[in-house]
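[1] Structure, please.
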Amino acid sequence: MRDGFSGLDDRIADSLKQEAAEKENLKQLLEQQRELTDSRKHEREIALDRMAHYDFTKWAHTRGQKVITRLYVALALTLGALMIFFLLETVANMPRFGAADTPGSNIVTRRYIERGLQETGAVNIVAGMILDYRAFDTLGESTVLFIAACAVLILLRIDKDSQGMPVMEQIAEDADDRHHEPKNDRILQASAKLLTPVVLLFGVYVILNGHLSPGGGFSGGAIISAGLILYLNAFGFEKSGRFFRYETFKWVSFCSLLFYGLAKTYSFYCGANRLESGIPLGVPGAILSSGLIMPLNIAVGMVVACTMYIFYALFRKGGL
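    Numbers count the residues shown, from 1 in each chain. Model (predicted):
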């Protein structure tokens, strides 16, 4: 009996030990599973944290820059191909140059000469043709000058850093020219004091008188820019910058082109729809005559003067 009970006790003890071992293994498995879950959760948190703090500018400077460059090239090529196509199509449909039966060789020319004074009020037929009949052509020419000046500004203007200060390399280049200022050239400065007002006044006269005599916005603007350049050479950028800076060029050119475009859009809209524009032509030969031609001459003259002056200032490394 004793041996039977002892064998039973041994089996019960082994069973308890086995059960304890299974519990221990289950506990270890649960612990491992918890550790694995915590590890995955930690890795997920790290990944989310990395995504939250990911610097997307790196993509912009690597693959993003390549994508944008390729897109820019594709759009530029497409636009260029379309422009070439439409220009060639237009040229193909134009009449043969010099043909006597084209409107440009008979009807249009006769209209300018015979009815130019009556319809434009300008004694100067050329001014009436350029700033009335073909005013949008002149707007395109003025816009080309403005775009050319903007391109020169982009290439030659003194850059600034994030704090708004000029870049040191550009300052060093700028110093090559400005370290001579003030020039103190008595002969040049005395001549400039005498000639600059006369040149500017003559330029204003040519612009304002463009609808009455030879002249106009382009020639008058070139004369005004010559006076400004003379003053700049005599007194330097420090003094000329008091009345002409980059903001001056920007706002004068913008307002002049805007006025020109709006004025001629209104005038051509009224003419195309046979409406009275309400703009009086005045008495031919008077200074206040020819409708919008004199204000348009002023606008063109301002664009030309600013553009010529800014070309000289930038190419001389002076900056604005």
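
[2] check contacts around the residue most central in space within the chain.
    The residue lying closest to the centre of the chain (CA atoms, centre = their mean) is Cys150, at 6.5 Å. For Cys150, the contact set (CB atoms under 8 Å, 6 or more residues apart in numbering) is empty. Yep, even glycine has a C-beta here, placed from its N, CA and C like the rest.

[3] for it, helix, strand, or coil?
    helix (DSSP: H, G, I helix; E, B strand; the rest coil).

[4] I'd like the average pLDDT over the helix or strand that Gln33 is a member of.
    Gln33 belongs to helix 2-52 when elements are defined using DSSP states H and E. Per-residue pLDDT over helix 2-52 has a mean of 66.

[5] ok, back up a step: so how far is Phe249 from the residue nearest to the centre of the chain?
    For Cys150, the distance to Phe249 equals 10 Å [CB to CB, to the nearest Å].

[6] Could you do Gln32 as well?
    Counting by CB to CB - Gln32 and Phe249 are separated by 75 Å.

[7] Pull the number of nearby residues for the nearest residue to Leu212 once chain neighbours are set aside.
    Of all residues beyond its chain neighbours, the one nearest Leu212 is Val123 (5.1 Å), with distances taken as CB to CB, 6 or more residues apart in numbering. Other residues within reach of Val123, judged by other CB atoms under 10 Å, total 18.

[8] and Val123, what is it in contact with?
    By CB under 8 Å, 6+ apart, the residues touching Val123 are 117, 211-213, 284-285, 290.

[9] could I get the helix or strand where Leu145 lies in PDB with only the CA atoms?
    Using DSSP H and E, Leu145 sits within helix 135-156. Extracted as PDB, the C-alpha positions of helix 135-156 are listed here (Å, rounded to 0.1, in the frame of the first residue of the first chain):
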ATOM      1  CA  ALA A 135      -1.500 101.300 -81.900                       C
ATOM      2  CA  PHE A 136      -1.300  97.700 -80.800                       C
ATOM      3  CA  ASP A 137       1.800  97.100 -82.900                       C
ATOM      4  CA  THR A 138       3.400 100.000 -80.900                       C
ATOM      5  CA  LEU A 139       2.200  98.400 -77.600                       C
ATOM      6  CA  GLY A 140       4.000  95.200 -78.700                       C
ATOM      7  CA  GLU A 141       7.200  97.100 -79.300                       C
ATOM      8  CA  SER A 142       7.000  98.800 -76.000                       C
ATOM      9  CA  THR A 143       6.300  95.500 -74.300                       C
ATOM     10  CA  VAL A 144       9.300  94.000 -76.000                       C
ATOM     11  CA  LEU A 145      11.500  96.700 -74.500                       C
ATOM     12  CA  PHE A 146      10.000  96.100 -71.100                       C
ATOM     13  CA  ILE A 147      10.600  92.400 -71.300                       C
ATOM     14  CA  ALA A 148      14.200  93.000 -72.400                       C
ATOM     15  CA  ALA A 149      14.800  95.200 -69.500                       C
ATOM     16  CA  CYS A 150      13.300  92.600 -67.100                       C
ATOM     17  CA  ALA A 151      15.700  90.000 -68.600                       C
ATOM     18  CA  VAL A 152      18.700  92.200 -68.100                       C
ATOM     19  CA  LEU A 153      17.500  92.800 -64.500                       C
ATOM     20  CA  ILE A 154      17.300  89.100 -63.900                       C
ATOM     21  CA  LEU A 155      20.900  88.600 -65.200                       C
ATOM     22  CA  LEU A 156      22.700  91.600 -63.800                       C
END
